[in-house]
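Asker: okay, predicted coordinates and the sequence, questions at the end:
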Amino acid sequence: MIRYKVQGGQPHHRFINFVALFPSMGEYTTIQLPVWRPGRYELGNFAKNVRGWKAYDADTGELLLWKKSTPHTWVVESDGVDYIKVHYEYFAAEMNAGSSYWDGAQLYINPVNAFCFLLDDPEMNMDVQIHVPHDFDYAGGIPSERKQTENGESIWRLVAANIDHLADSPFVFSRDLSSHDYDAHGQKMHVWMNGEVNFGDFDWRKDFQAFSELQMSMFGDFPRSHYHFIFQFAPYFIRHGVEHENSTIIAMGPSQAFNERKNYDSFLGISSHELFHAWNVKCIRPKDMTPYDFTKPNYSDTGFITEGVTTYYGDMMLIRSGVWSMAKAKIQMEEFIETHARNRGRLHQSVTDSSVDTWVDGYTAGIPGRKVSIYNEGAMLAWMMDVDLLVGSQGKVSLDDVMREMYKRFGKRGVGYTSDDYWNICKELGLNRWESYRYELCEGTGDYLAQLKYTLKHLGWKLEWASSGNVAEDYYGFLVDDMGRVINVVFEGPADDVGIGQEMRITCINGQDVHRNAKEIMQKQTGDLTITVEDKWREYNVEVLRREKPFKRKAVLVDIENSDLRQIWSGSRLGA
């Protein structure tokens, strides 16, 4: 067994102290820190936060010799040593759903960031003792034991089956935790909220119960004996969630603004998305990631399933459970379409290739027009396939059946799947033109919008395009943030024609200097522009001509007829 003692250092220094006891593996013992974390398919480079790593003979206290063989691997000379004691500090100053953070008011750790394991025995049990102030409470997926000490601190004990178990079990110790719960089909669901939050008149318990019960009904059961929503509520804007074995961490803010409909809907959307991951990813897992290998990238071409299908169902569960209205459903579908159309990466890279490339730049904007989002494109693909299955079966078969079959064949058996397995099930269940979906739209760069016309027709909608109301985009062909940074350029539009490119900075507009107000200035423009552009070491002026008619880049779904299929598509489908 590996034993750990964890304690926060000086809060303003943001370092967490780790002391670990590893059994020796013989002449050499290789100690490994994970290089990535579940739910984020890119290298995490967690070793950059490690300071002062040292190894000792646990019995004699003698400093042992060691060297790094990779940035995340330490090889210790341990001949004749029974146990190795390792000391190091981890810098925990970042707050998101996949990070670790210590500030004196809370100790929040994603163990995959900071806990090492034995490379030669990753299945070894791990016993963790965390020392925190006595008034801290605990939220996490691993059951805990607590005892008080004479000096007024608390020691909490967590025991994990192995590094995989510990890495997938984030925890929060805080004096600001509040505990809540709700019932979903007899399953008690735990909700932990760290920080103050204002939901106004919204009944979050009722809404959580509704989407939770529909997800459980869709799959037929819930795969965990207990489940924890752990919310980190911040006073500033943040929106990030990560799925785990029997929990999810969700960082959201500004926490005092969830009494506003738009922000509350965002809160519901990310919560439903993360719960759907309890089946899709945590049970229904790609073969490339079964089991997780924390020593290297786990490349997979299935991001359109792991994240795309989850994105679609996260929203659809809110629509189909009645939590969201049909008006909200239209807005969500319009956003999928608009995001797709605005990204010229759809012309250059498939969603399967973009799945592999998350390990390169999947969570940043990247170079213009290189890739697509596995979340958005996968959701679009799932939407079109769902409707196609409903049409072909007269409402009796849908993507629900595909996911249930995936759960039955792979999730419940703990067996990893491949993209071939997914497409074979789609074919078995009667998906029309499955070859086109796979080879043209998923593995190729085919035209989603052409296929979408078929989808919308059967839902009683047609797609129209309108101006966005953003003057810079509508009439000059670019988008800019408040600081003047160009964040998007319309291909062959006025700005593109005169050489304005993404990531350039606009410092002056028609003689008015930009001071955190570029969007405001642009919104007032009615004629041609003289713009000063800063492009690294160059600064120069360009003339941008105003279009007579605005670009139309805002997707609008228009009702053309009543659709029985839309009622089925947006309904619960229980008993269908």
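Answerer: Great, that's in hand.
Asker: only C-alpha atoms for contact and neighbour calcs from this point on.
Answerer: Noted.
Asker: buried stuff in stretch 73-85?
Answerer: For stretch 73-85, the neighbour count (16 or more other C-alpha atoms under 10 Å) marks 73, 74, 75, 76, 77, 78, 81, 83, 84, 85 as buried.
Asker: ignore the last one, stretch 45-56
Answerer: Buried, per 16+ other C-alpha under 10 Å, within stretch 45-56: 46, 47, 50, 54, 55, 56.
Asker: stretch 358-370 too?
Answerer: 358, 359, 361, 362, 370.
Asker: export those residues to TSV and tack on pLDDT?
Answerer: Output for the buried residues of stretch 358-370, formatted as TSV (pLDDT from 0 to 100):
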residue	pLDDT
358	94
359	94
361	86
362	73
370	93
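Asker: give the contact list for the residue nearest to residue 95 when sequence neighbours are not counted.
Answerer: Take residue 95 and drop its neighbours on the chain: the residue closest to it by C-alpha to C-alpha, 6 or more residues apart in numbering is residue 101, 6.1 Å away. By C-alpha atoms under 8 Å, 6 or more residues apart in numbering, the residues touching residue 101 are 14, 92, 93, 94, 95, 107, 108, 109.
Asker: and for residue 392?
Answerer: 430, 431, 432.
Asker: which of those residues has the weakest pLDDT?
Answerer: pLDDT is lowest at residue 432 among the contacts of residue 392; the value there is 92.
Asker: most widely separated two among the buried residues of stretch 45-56?
Answerer: 46 and 56 (22.5 Å; C-alpha to C-alpha).
Asker: quick check, residue 386 in contact with residue 402.
Answerer: No - with contacts counted by C-alpha atoms under 8 Å, residue 386 stays clear of residue 402, the gap being 9.3 Å.
Asker: wait, what's in contact with residue 479?
Answerer: Here residue 479 is in contact with 472, 473, 486, 487, 488, 489 (criterion: C-alpha under 8 Å, 6+ apart).
Asker: so which of these belong to helices?
Answerer: In helices, judged by DSSP state H, none of the contacts of residue 479 are found.
Asker: top of these by neighbour count?
Answerer: residue 473 (25 neighbours; other C-alpha atoms under 10 Å).
Asker: tell me the pLDDT at it?
Answerer: 97.
Asker: please apply the same query to residue 412.
Answerer: In this model, residue 412 carries a pLDDT of 97.
Asker: test my guess that it contacts residue 282.
Answerer: No - in this structure, residue 412 is not within contact of residue 282 by C-alpha under 8 Å, at 10.6 Å.
Asker: what segments of the stretch 151-300 of the chain are strands?
Answerer: 153-160, 171-174, 177-184, 187-194, 227-233, 238-243, 247-253 (DSSP state E, counting those that start in this stretch).
Asker: now those strands as TSV including mean pLDDT, distance to residue 565 and mean neighbour count?
Answerer: Shown next, in TSV, are those (pLDDT from 0 to 100; distance: least, C-alpha to C-alpha, whole Å; neighbours: other C-alpha atoms under 10 Å):
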stretch	mean pLDDT	distance to residue 565	mean neighbour count
strand 153-160	96	48	19
strand 171-174	98	44	24
strand 177-184	98	28	16
strand 187-194	97	32	18
strand 227-233	98	34	23
strand 238-243	98	32	20
strand 247-253	98	34	25
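Asker: on that earlier part again, inside strands: which ones of the contacts of residue 392?
Answerer: The strands, defined by DSSP state E, take in nothing from these.
Asker: which one (most neighbours) among those residues?
Answerer: Most surrounded of the contacts of residue 392: other C-alpha under 10 Å gives residue 431, at 26 neighbours.
Asker: for it, give its distance to residue 363.
Answerer: For residue 431, the distance to residue 363 equals 31 Å [C-alpha to C-alpha, to the nearest Å].
Asker: give me the below-cutoff pLDDT ranges for the stretch 201-350 of the chain.
Answerer: Nowhere does the stretch 201-350 of the chain drop to pLDDT under 70.
Asker: now do the same contact list for residue 54.
Answerer: 63, 64, 86, 87, 88.
Asker: give me the buried subset of those.
Answerer: By 16+ other C-alpha under 10 Å, the contacts of residue 54 give 64, 86, 87, 88 as buried.
Asker: who's residue 554 bridged to?
Answerer: residue 466 (DSSP bridges).
Asker: can you count the residues close to it?
Answerer: With other C-alpha under 10 Å as criterion, residue 554 counts 19.
Asker: residues contacting it?
Answerer: Contacts of residue 554 (C-alpha under 8 Å, 6+ apart): 338, 465, 466, 467, 468.
Asker: dump the residue contacts of the second one.
Answerer: The one in question is residue 465. 552, 553, 554, 555, 556.
Asker: possible to save those residues as JSON lines with pLDDT?
Answerer: Shown next, in JSON lines, are the contacts of residue 465 (pLDDT from 0 to 100):
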{"residue": "552", "pLDDT": "96"}
{"residue": "553", "pLDDT": "95"}
{"residue": "554", "pLDDT": "97"}
{"residue": "555", "pLDDT": "97"}
{"residue": "556", "pLDDT": "98"}
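Asker: which members of the buried residues of stretch 73-85 occur in helices, if any?
Answerer: Per DSSP H, the buried residues of stretch 73-85 never map to helices.
Asker: how far does stretch 350-368 stretch from start to finish?
Answerer: Start-to-end, stretch 350-368 (C-alpha to C-alpha) is 15 Å.
Asker: again, but for stretch 164-177
Answerer: 26 Å.
Asker: any buried residues in stretch 463-473, and which?
Answerer: Buried residues in stretch 463-473 (16+ other C-alpha under 10 Å): 463, 467, 470, 471, 472, 473.
Asker: actually stretch 27-38, not the one I wrote
Answerer: 29, 30, 31, 32, 33, 34, 35, 36, 37, 38.
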